[in-house]
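**Student:** following is a predicted model, sequence given first.
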Number of protein chains: 2
Amino acid sequence: MNKKSIAVILSGCGRLDGSEIHEATLTLWAIHKNGAEYQCYAPDIKQHHVVNHLDGQEMQEERNVLIESARIARGEVLNLADFQESLHDGLIIPGGFGAAKNLSSYAYDGSNCQVNTDVRNAILAMKKSNKPIGALCIAPTILANVLKQVELTIGQDKTTAENIIAMGARHTTTLQGEVVVDKKNKIVTTACYMLDARVDQIGDGIDRLVQELVKLM
Amino acid sequence: MNKKSIAVILSGCGRLDGSEIHEATLTLWAIHKNGAEYQCYAPDIKQHHVVNHLDGQEMQEERNVLIESARIARGEVLNLADFQESLHDGLIIPGGFGAAKNLSSYAYDGSNCQVNTDVRNAILAMKKSNKPIGALCIAPTILANVLKQVELTIGQDKTTAENIIAMGARHTTTLQGEVVVDKKNKIVTTACYMLDARVDQIGDGIDRLVQELVKLM
C-alpha cells in the first residue's frame, strides 16, 4: 500500500514573520513518525515584513516566503500556486505569525481578514474532495475565514476565539497537547504556542493531531 | 531537585548556512522530553554567507548568526561570548553547514580548520569541569579539532571520517539513529543528516543522545 501523503503549507521561517519553526518541524516529524509522507508548499510572495527575532523589531530588508520556507523544508518545497489536491490525502497548516501575516491578513484585520488566494484554493479543493485538514496555533483563523461553520481551537485566547466565532466558526477551549476533532467536517486543530508550552508538549499535540488526521483519511 | 541545564550552541537558521533546523528543534524537544532545560547560545558574528535554500545559490545579502539563531530559539538566545560554564550541566552542538562555516572553517579548510574562539572556550570550559558534550551531524569535527583524542561518529562519510582522524580523534561508523558514547571523555555524537534519514529517525537519534548525555551528568 502506498503511504498517505500530507501537504504542509509553510509561511516563511520564524515565529514573528513566518512559520513557527518548532511547530513546522514537529509537523514533519509527526507525519514521518505516523508512517505518512509530506510535501511542503509555500506561496511565492514577498513576506509582509522581516522581524529581528532577538529584539522583536522590524528589519529594513525583504525576504520571500517560498525561499525562506525552503530552510524548514530542506529545499523540498513547491510553489503553492502549483498545489494539486489529487496528489494528497490530507493538508496541515502550522502556525506562527506567517500564517496571520503572509497566508492571511489576520494579524492586522482580525475577523475581516483576507486569505491568500492560493491558500484558499488549496483548502477548498481538499474540502470539496472530503479530505481532512489540520491547523495549528493561529492557523485555525484561516479555516474559520474560508470554511465558516467548522469547530476549531486556538487554546484559551478570548479575542482570537471571539474573532473565530465572528467569522462563523465554533470554538472549543483547550489546554496544552489537546486536539479538537470536527469529525463531520474532517477538521483537526491544536493550540501549540497559542498557549505557554514546552517543546515536548508541542510535539505531543502535533503527534495527536496527525494521528487524528490519518484516521480521517 | 533543580532540573539539569543543557547549553545549545546554534550557528544560524538553515542547513546550508546555519543550524540544521530539524536537528536544532529536535534537540530542544529531546531536552524537554527528558526532563531537562535548555539555554541557547550563538556567536554574535556575520554569517559566512547567505544561501537560497530553494536553489542552493549564494544570495547577495548579509545576516547575523545570533539574530538568525533567535528564530529557532524563539528569541531566547544569548551571545556565546557570555557563556557561563557554571550555569550548565551539559552542552550540545547541532549540525548544519553553520557548524562548518560559522562556528568553524571546516567546510573550507577540512582538517586544517579554525574553530571560533567563543565556541572553543565553551567546549574547553565544559571539558575542564568534566561535563558532558554532545555533537550532531558535522559538528563532531569541531570536537575533533578542539579536543583531539576523543571517539566520535559522523555516520559513514569516508572523507569526513579521515579528517576527524587527521585531527587526532577516533571515528566509529554508525547508521541512522545510532549514538556513539565516549564514556571516558563524556562525549556523545550522532550522525543525523550526515546520513539519508527520515525526520523521525533524526528525532530518535537525538532523543538517545540526550538520554546518554543526561546519564553522564
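**Tutor:** Noted; the coordinates are in hand. What you see is a predicted model; the values in this text were computed from it and never measured. Numbers count the residues shown, from 1 in each chain, chains lettered A, B, ... in the order given.

**Student:** and the pLDDT for the spatially most central residue of chain A?
**Tutor:** In chain A, the C-alpha closest to the average C-alpha coordinate belongs to residue A:93, at a distance of 2.0 Å (C-alpha atoms, centre = their mean). On the pLDDT scale, residue A:93 is placed at 98.

**Student:** identify the residues contacting it.
**Tutor:** For residue A:93, the contacting residues are A:8, A:9, A:99, A:103, A:119, A:133, A:134, A:135, A:136, A:139, A:142, A:143, taking C-beta atoms under 8 Å, 6 or more residues apart in numbering or on different chains as the criterion. Every C-beta, even on glycine, is put in place using the N, C-alpha and C of the backbone.

**Student:** which residue is the nearest non-sequential neighbour of it?
**Tutor:** By the measure of C-beta to C-beta, 6 or more residues apart in numbering or on different chains, the closest residue to residue A:93 outside its immediate chain neighbours is residue A:139, 4.2 Å from it.

**Student:** in a markdown table: the contacts of residue A:93, plus secondary structure and neighbour count.
**Tutor:** Shown next, in a markdown table, are the contacts of residue A:93 (DSSP: H, G, I helix; E, B strand; the rest coil; neighbours: other C-beta atoms under 10 Å in any protein chain shown):
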| residue | secondary structure | neighbour count |
| --- | --- | --- |
| A:8 | strand | 25 |
| A:9 | strand | 29 |
| A:99 | helix | 31 |
| A:103 | coil | 32 |
| A:119 | helix | 25 |
| A:133 | strand | 28 |
| A:134 | strand | 28 |
| A:135 | strand | 29 |
| A:136 | strand | 31 |
| A:139 | coil | 32 |
| A:142 | helix | 27 |
| A:143 | helix | 25 |
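
**Student:** tell me the one of those residues nearest residue A:25?
**Tutor:** Distances from residue A:25 to the contacts of residue A:93, taken as C-beta to C-beta, are shortest for residue A:8 (10.6 Å).

**Student:** surely that closest one touches residue A:41?
**Tutor:** Yes. The pair residue A:8 / residue A:41 is scored as a contact, 7.0 Å apart, by C-beta atoms under 8 Å.

**Student:** what parts of chain A come near chain B?
**Tutor:** Residues of chain A lying close to chain B by C-beta under 8 Å from any C-beta of the partner chain are A:13-15, A:21-22, A:25-26, A:28-29, A:31-33, A:52-54, A:56, A:61, A:66-68, A:70-75, A:77, A:193, A:198-203.

**Student:** narrow those to those in strands?
**Tutor:** Using DSSP state E, the members of the residues of chain A next to chain B that fall in strands are residue A:77.

**Student:** now residue A:40: phi and psi?
**Tutor:** Taking degrees, to the nearest 10, you get phi -80, psi 150 for the backbone angles of residue A:40.

**Student:** can you name the residues that contact it?
**Tutor:** Residue A:40 sits in contact with A:7, A:8, A:9, A:10, A:28, A:69, A:72, A:73, A:76, A:77, A:78, where contact means C-beta under 8 Å, 6+ apart.

**Student:** pLDDT score assigned to it?
**Tutor:** Here the pLDDT value assigned to residue A:40 is 98.

**Student:** would you mind measuring from it to residue A:91?
**Tutor:** According to C-beta to C-beta, to the nearest Å, residue A:40 and residue A:91 sit 11 Å apart.

**Student:** any common contacting residues for those two?
**Tutor:** Where contact means C-beta under 8 Å, 6+ apart, the residues bridging residue A:40 and residue A:91 through contact with each are A:7, A:8, A:9.

**Student:** check contacts around the last one.
**Tutor:** It stands for residue A:9. Applying C-beta under 8 Å, 6+ apart, one finds that residue A:9 lies in contact with A:40, A:41, A:42, A:80, A:91, A:92, A:93, A:94, A:103, A:119, A:122.

**Student:** which ones among those are found in strands?
**Tutor:** Restricting those to those inside strands, with DSSP E as the criterion, leaves A:40, A:41, A:42, A:91, A:92, A:93.

**Student:** from those residues, pick the one nearest residue B:3.
**Tutor:** Distance from residue B:3 was checked for each of the ones in strands among the contacts of residue A:9 by C-beta to C-beta. The minimum falls on residue A:92, at 31.5 Å.

**Student:** pretty sure the closest one is touching residue A:10, no?
**Tutor:** No. Applying C-beta under 8 Å as the test, residue A:92 and residue A:10 come out as separate, 10.2 Å apart.

**Student:** ok, these two, which is more surrounded?
**Tutor:** Neighbours per residue (other C-beta atoms under 10 Å in any protein chain shown) separate residue A:92 from residue A:10, with residue A:10 holding more: 31 against 26.

**Student:** dump the residue contacts of residue A:110.
**Tutor:** Taking C-beta under 8 Å, 6+ apart, we find residue A:110 in contact with A:163, A:166.

**Student:** the same query, at a cut-off of 10 Å, please.
**Tutor:** Counting by C-beta atoms under 10 Å, 6 or more residues apart in numbering or on different chains, residue A:110 makes contact with A:100, A:141, A:159, A:160, A:162, A:163, A:166, A:167.

**Student:** ok so it is a helix residue?
**Tutor:** Yes. According to DSSP: H, G, I helix; E, B strand; the rest coil, the state of residue A:110 is that of a helix.

**Student:** gap between it and residue A:99?
**Tutor:** The gap separating residue A:110 from residue A:99 is 14 Å, by C-beta to C-beta.

**Student:** shared neighbours of the two, anything?
**Tutor:** Listed contacts common to residue A:110 and residue A:99 are residue A:141; contacts here mean C-beta under 10 Å, 6+ apart.

**Student:** can you show me the helices along chain A?
**Tutor:** Applying DSSP state H to chain A gives helices spanning A:21-33, A:65-72, A:97-101, A:106-109, A:117-128, A:140-147, A:158-166, A:199-215.

**Student:** now these in TSV, with mean pLDDT and distance to residue B:85?
**Tutor:** Output for the helices of chain A, formatted as TSV (pLDDT from 0 to 100; distance: least, C-beta to C-beta, whole Å):
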stretch	mean pLDDT	distance to residue B:85
helix A:21-33	98	27
helix A:65-72	98	31
helix A:97-101	98	35
helix A:106-109	98	41
helix A:117-128	98	47
helix A:140-147	98	43
helix A:158-166	98	42
helix A:199-215	98	24
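
**Student:** among those, which is nearest residue B:188?
**Tutor:** Minimum separation from residue B:188 across the helices of chain A (C-beta to C-beta) falls at helix A:199-215, 19.6 Å.

**Student:** which ones are touching the nearest residue to residue A:166 once chain neighbours are set aside?
**Tutor:** Of all residues not flanking residue A:166 in the chain, residue A:111 sits nearest, at 3.9 Å (C-beta to C-beta, 6+ apart). With contacts taken as C-beta under 10 Å, 6+ apart, residue A:111 has the following neighbours: A:141, A:144, A:145, A:159, A:160, A:162, A:163, A:164, A:165, A:166, A:167, A:168.
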